[in-house]
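Trainee: sharing a sequence plus its predicted fold:
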Amino acid sequence: EDQVTQSPEALRLQEGESSSLNCSYTVSGLRGLFWYRQDPGKGPEFLFTLYSAGEEKEKERLKATLTKKESFLHITAPKPEDSATYLCAVQAVRSGGSNYKLTFGKGTLLTVNP
Amino acid sequence: NAGVMQNPRHLVRRRGQEARLRCSPMKGHSHVYWYRQLPEEGLKFMVYLQKENIIDESGMPKERFSAEFPKEGPSILRIQQVVRGDSAAYFCASSPPQNTEAFFGQGTRLTVV
C-alpha cells in the first residue's frame, strides 16, 4: 500500500526565514510526486510534479526536489502570503492503466509571521 | 479557461436526506476524480470516471454512495440517506487523458445535521 508522510505537521517561520518541508513516501513504483498548496476553505492548488530522482523544479520562492525516498519543498525568504497547508501526493505505476490515483499525505501547515 | 467548477460550495442536509454534488471538469479534460477530506485527515480517493464510465470506485463506501459522469452535463456524486459521518469536504479533480496533473475544484462542504 502506498504511503506518504509529511513533516513537520506545522511550521512557524518569520518572514524571510528560509526552511524546508519533508515528504517521505513508500510506493511500489513512482510515476509522479505532486506538491499542492491549500488555503483554508479552498481546493488544492497544483504547484509541481516531479518524476525522477534528482529532478528539481522552481516557482518563485519555492523549490521542490526529489530522491528515491523523499521530496523536499524548500521555501526561500518566505512572505506572509506563503502561509498555507502544503500537500504532497504520489502516483504509482500500476498495471492495467490504473496509474491515476493520488495518495496524499496529511500536509504541513505553514505560518509565516510578518 | 475556467477551472474545475463545483457546486454547491456549501450544502447542509438533515440526517436521512440525499446530497447531490456536481462537478464540471476543465475544458479539454475527460477524466474526473472525486476525493473526500475529513477533518484532521488527508485527501482520500473515492472514484475515477470518464464519460459514461466508472473506471475505479474502489474508494467509495459500499452503500449509499454513487457517482456518474454522463455524456452531457457535469459529474454527480450522490449520497443517499446521509449520516453525520458523511460531513466532510468533497473535492473533484480533472485531468487530460494522459492522467498527468490533476487540477482540483474549490470543493463542496457537506454538513449533516
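Mentor: Right, received. Where do you want to start? Residues are numbered from 1 along each chain as shown, chains lettered A, B, ... in the order given.
Trainee: show me what the helix or strand of chain B with the lowest mean pLDDT is packed up against.
Mentor: In chain B, the helix or strand scored least confidently by mean pLDDT, DSSP states H and E is strand B:53-56, which has a mean of 91. Contact here means 3 or more Cβ pairs under 8 Å, 6 or more residues apart in numbering or on different chains; DSSP states H and E; on that basis strand B:53-56 packs against strand B:43-50. Placement of C-beta: from N, CA and C, glycine included.
Trainee: tell me which stretches of chain A form helices.
Mentor: Counting by DSSP state H, one finds no helices in chain A.
Trainee: which parts of it are strands?
Mentor: Applying DSSP state E to chain A gives strands spanning A:3-7, A:10-14, A:19-26, A:30-38, A:45-50, A:56-59, A:62-66, A:70-75, A:84-92, A:102-104, A:108-113.
Trainee: now those strands in CSV, with mean neighbour count?
Mentor: Listed next are these as CSV, based on neighbours: other Cβ atoms under 10 Å in any protein chain shown:
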stretch, mean neighbour count
strand A:3-7, 16
strand A:10-14, 14
strand A:19-26, 18
strand A:30-38, 21
strand A:45-50, 18
strand A:56-59, 12
strand A:62-66, 20
strand A:70-75, 19
strand A:84-92, 23
strand A:102-104, 22
strand A:108-113, 17
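Trainee: nearest to chain B, of these?
Mentor: Nearest to chain B, of all those, is strand A:102-104, at 4.2 Å by Cβ to the nearest Cβ.
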